[in-house]
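K.L.:
A structural model of the following input is requested.
(2 chains)
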Amino acid sequence: MRALYIHADSMEFEAKDKTKVAEEISDNLRNGKMDEVLVVFVTVESGDESKIAYVATEASKDILAAKDRIGAERVMLYPYAHLSNDLAKPKASIELLDLLKDMIASSGAEVTRAPFGWYKAFDIKCKGHPLSELSRDFKGKEEKPAPKGKDTYFVLTTGGEEVSIEDYRGGSDCLRFMIDKEALGKEAPSGGEPEYLRLCRKFGIQWEAMSDAGHMSLAPPGAMMFDLISDYATAIVNNSGINVYNVKGTNMFSLDEPAVKEHADLFGDRLYSIDTGKKKFILRYAACHQQFAMIKNWNISYRQMPFGAFEVADSYRLEQSGETMLCFRTRRLNMPDFHVLCSAMPEAHEYFTRLDGKIYDEIENIGRDYDMLVNFSSRKAFEDNKDMVRMLCEKHEKDALIHIYPEGINYYWTVNIEYHMLDQMNRPREIGTVQIDVGNAERFNITYADEKGEKQHPIILHCAVIGSIERFMYAMLDTAVQIEKTGVPGYLPTWITPDQVRLMPMSEDFVSAAAKTAEELRAEGIRVSVDDTDATVGKKVRRAKQDWCSYSAVIGENEVGSGRLKVYVRSENKDIEMTADELAFRIGHETEGYPVRPMYLPADLSKRCEF
RNA sequence: GCCGCUGUGGCUAAGAGGUAUAGCGACGCCUUGGUAAGGCGUAGGUCGUGGGUUCGAUUCCCAUCAGCGGCUCCA
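P.N.:
Modelled structure (predicted):
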């Protein structure tokens, strides 16, 4: 709602002719005049329709405050369509105006309202002091459906028992912290600034100061790590044994599409939106919109089911400004979003279980572990899916925290598992997730033909095997921090380390020898940098360690003569003597099955600037 | 969004009512060095932004923005 305040010596109006949307009024209301008045020109906008009471509350408070501040004696509300090009429907506008008038009147102030929808002549005398003309834009607070009942929490054990939070003993540290935080609402222990932020600085992972809050930018090492994880996420899905359709979509979707609007309403008030002036768009918060919009046009037979659609989708969520966290909670994130279309619930459960297995495999690959927070949208959803969840608990030998949402709220999922790992600050952090969705196929009109040739809506699994690209990066950096805490130098897996090998020529005389060895290693797909600066050996070694190079070696007279390198192996924190071929073999073995990318910045350190 | 803390050259920081300091990095010269900092020198800052108090503010006050921590939130 937009408003223009004018403090006037007098204001007089006369309704002349009706517009199409005019309200019916008796003749005596067609004219009005007030002296010493705060005139409020009001335009109700389409966005106000869903939250009339909130907007009216906010506006009435501000109007009364303005009236007292400037010393006006009364208030006139004057419907005025010309402050916005995005008007609410007349009925909603009148409703809001009347409510606003009542609210102002109930505080004891004298207030009138000019008729809505009439061409009016008016005569105003503005006082012209500094506060006599003010404009306002009232947003109101988003109205949410009131939940019926309460959240229910309990633990489902590996033996299939349902144990109340109070009676539950045991469980991993992660599960205990999860219970404290989610179910008991206990405050987390405060630990100051987390150490992964130091690594973010080292690898050029930062907030972009010239953008909105929550947007990251990546200097070359971070950019390369990001792309490698993105490649990796794609490979995991494409090697999962499920038939995959890889797609690429856009990130803006029109709210004029009923399916988009409905889906957006389920997501709530964290939507990022763009107004081009003509149309309103929301930015996707996952790949759902794109994949569903595409798949609804596909001719699908039961013979092709099940199959998945995949994209690493740039996604946008308007997180609260105080809630953003580098690499973890951002307003722009990249979601390797995998949707699997299943024909019926048994199939959905089978593939859900397979995806769950993948999710666990991948976190174990980086040396970490998950605990499960299993959300159900209703008691019925729990009953329908508990056998499967119990089997998962048994398989992982882990008790799971169960959360049943209050009844009566429509979610697009019925079951969703959040996979949490315990970070360096003893915080459970959600990384991977998988969900069952029984609503969106119908909403987006996605169908397949069954054996009888009849159209059916599939069940859709939503899955982020490694979470967002950013969160997986977070998980890896946190893992490096945990390694450091054991007293050895922190390191990253070789496949993702920006400088896999650093060669350090003893002096200018050995630069060409180092360059030759570097080329041999590069031929094996290894990222090799050469410190060809004129720094001392001690300084070069120091820099290689600061850069977290997986392997580093000085090249001088001894190495050129013997053909053997004394290689500092960071992950073992010691020097190991080997030939260049042996080094290449070792790295090839370590990085087997992982994506490969060349260096994102000059290999010669003399050509590298600081970032 | 709420509460608290912070905001000084590219980075890490020190400082004080009178326009500022160091280290790293960068640049130049010397040094050709064997495993975490070789030496000397040069450049670089309207102390986050906007107001106010003051003869004078980067320092005090107010507002605002951003970061960090905690909360709320988190499909």
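K.L.:
make it CA atoms for all contacts and neighbour counts henceforth
P.N.:
Noted.
K.L.:
burial count for the residue of the stretch 251-400 of chain A found nearest RNA strand B?
P.N.:
Nearest to RNA strand B in the stretch 251-400 of chain A, going by C-alpha to the nearest atom of the strand, is A:G322, at a distance of 3.5 Å. Residues near A:G322, counting by other C-alpha atoms under 10 Å, number 8.
K.L.:
part of a helix, is A:I124?
P.N.:
No - under the criterion used here (DSSP: H, G, I helix; E, B strand; the rest coil), A:I124 is strand, not part of a helix.
K.L.:
how near is the nearest residue to it once chain neighbours are set aside to RNA strand B?
P.N.:
Closest residue to A:I124 apart from its sequence neighbours, by C-alpha to C-alpha, 6 or more residues apart in numbering: A:M11 at 4.5 Å. Using C-alpha to the nearest atom of the strand, to the nearest Å, one obtains 33 Å as the distance from A:M11 to RNA strand B.
K.L.:
so which residue of chain A comes closest to RNA strand B?
P.N.:
Closest point on chain A to RNA strand B, by C-alpha to the nearest atom of the strand, is A:S507, at 2.2 Å.
K.L.:
check contacts around that residue.
P.N.:
A:D534, A:G556 (C-alpha atoms under 8 Å, 6 or more residues apart in numbering).
K.L.:
which of the residues in stretch A:537-550 are buried?
P.N.:
A:V537, A:K540, A:V541, A:A544, A:K545, A:W548, A:C549, A:S550 (16 or more other C-alpha atoms under 10 Å).
K.L.:
okay if I get those as JSON lines plus pLDDT?
P.N.:
Shown next, in JSON lines, are those (pLDDT from 0 to 100):
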{"residue": "A:V537", "pLDDT": "95"}
{"residue": "A:K540", "pLDDT": "96"}
{"residue": "A:V541", "pLDDT": "96"}
{"residue": "A:A544", "pLDDT": "96"}
{"residue": "A:K545", "pLDDT": "95"}
{"residue": "A:W548", "pLDDT": "96"}
{"residue": "A:C549", "pLDDT": "97"}
{"residue": "A:S550", "pLDDT": "97"}
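K.L.:
out of these, which are inside helices?
P.N.:
Using DSSP state H, the members of the buried residues of stretch A:537-550 that fall in helices are A:V537, A:K540, A:V541, A:A544, A:K545.
K.L.:
save the residues you listed as a markdown table, and put in distance to RNA strand B too.
P.N.:
Formatted as a markdown table, these follow (distance: C-alpha to the nearest atom of the strand, whole Å):
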| residue | distance to RNA strand B |
| --- | --- |
| A:V537 | 5 |
| A:K540 | 8 |
| A:V541 | 5 |
| A:A544 | 8 |
| A:K545 | 5 |
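K.L.:
secondary structure class for A:M388?
P.N.:
helix.
K.L.:
and the closest residue to it other than its chain neighbours, what's its pLDDT?
P.N.:
Nearest non-adjacent residue to A:M388, counting by C-alpha to C-alpha, 6+ apart: A:H349, 6.8 Å away. Looking at A:H349, its pLDDT reads 97.
K.L.:
got it, and A:G408?
P.N.:
So, for A:G408, pLDDT stands at 78.
K.L.:
burial count for it?
P.N.:
Counted with other C-alpha under 10 Å, A:G408 comes out at 13.
K.L.:
that one and A:G322, how far apart?
P.N.:
Distance, A:G408 to A:G322, by C-alpha to C-alpha, to the nearest Å: 30 Å.
K.L.:
now swap in A:H589 and tell me
P.N.:
Using C-alpha to C-alpha, A:H589 is found at 44 Å from A:G322.
K.L.:
does the nearest residue to A:E394 once chain neighbours are set aside count as helix, strand or coil?
P.N.:
Counting by C-alpha to C-alpha, 6+ apart, the nearest residue to A:E394 once its immediate chain neighbours are dropped is A:T158, at 4.7 Å. At A:T158 the chain is in coil, as set by three-state DSSP.
K.L.:
give me every residue that touches A:T158.
P.N.:
A:R390, A:M391, A:C393, A:E394, A:E397, A:K398, A:D399.
K.L.:
7 Å - rerun?
P.N.:
Contacts for A:T158 (C-alpha atoms under 7 Å, 6 or more residues apart in numbering) come out as A:R390, A:C393, A:E394, A:E397, A:K398, A:D399.
K.L.:
sheet partners, orientation included, of the least confident helix or strand in chain A by mean pLDDT?
P.N.:
Lowest by mean pLDDT, DSSP states H and E among the helices and strands of chain A is strand A:133-137, with a mean of 80. Strand A:133-137 has the following sheet partners, assigned by DSSP bridges: strand A:2-18 (antiparallel).
K.L.:
tell me which other helices or strands the following helix or strand past the partner strand touches.
P.N.:
Sequence-wise, the next helix or strand downstream of strand A:2-18 (DSSP states H and E) is strand A:31-43. Where contact means 3 or more C-alpha pairs under 7 Å, 6 or more residues apart in numbering; DSSP states H and E, strand A:31-43 is packed against strand A:2-18, strand A:74-79.
K.L.:
tell me, how many neighbours does A:S135 end up with?
P.N.:
With other C-alpha under 10 Å as criterion, A:S135 counts 12.
K.L.:
how close does it sit to A:I6?
P.N.:
Distance from A:S135 to A:I6, by C-alpha to C-alpha: 9 Å.
K.L.:
same check on A:L96?
P.N.:
Look at A:L96 and A:I6: by C-alpha to C-alpha, they are 20 Å apart.
K.L.:
over to A:C393?
P.N.:
A:C393 is 66 Å from A:I6, by C-alpha to C-alpha.
K.L.:
repeat for A:A441
P.N.:
In terms of C-alpha to C-alpha, A:A441 sits 52 Å off from A:I6.
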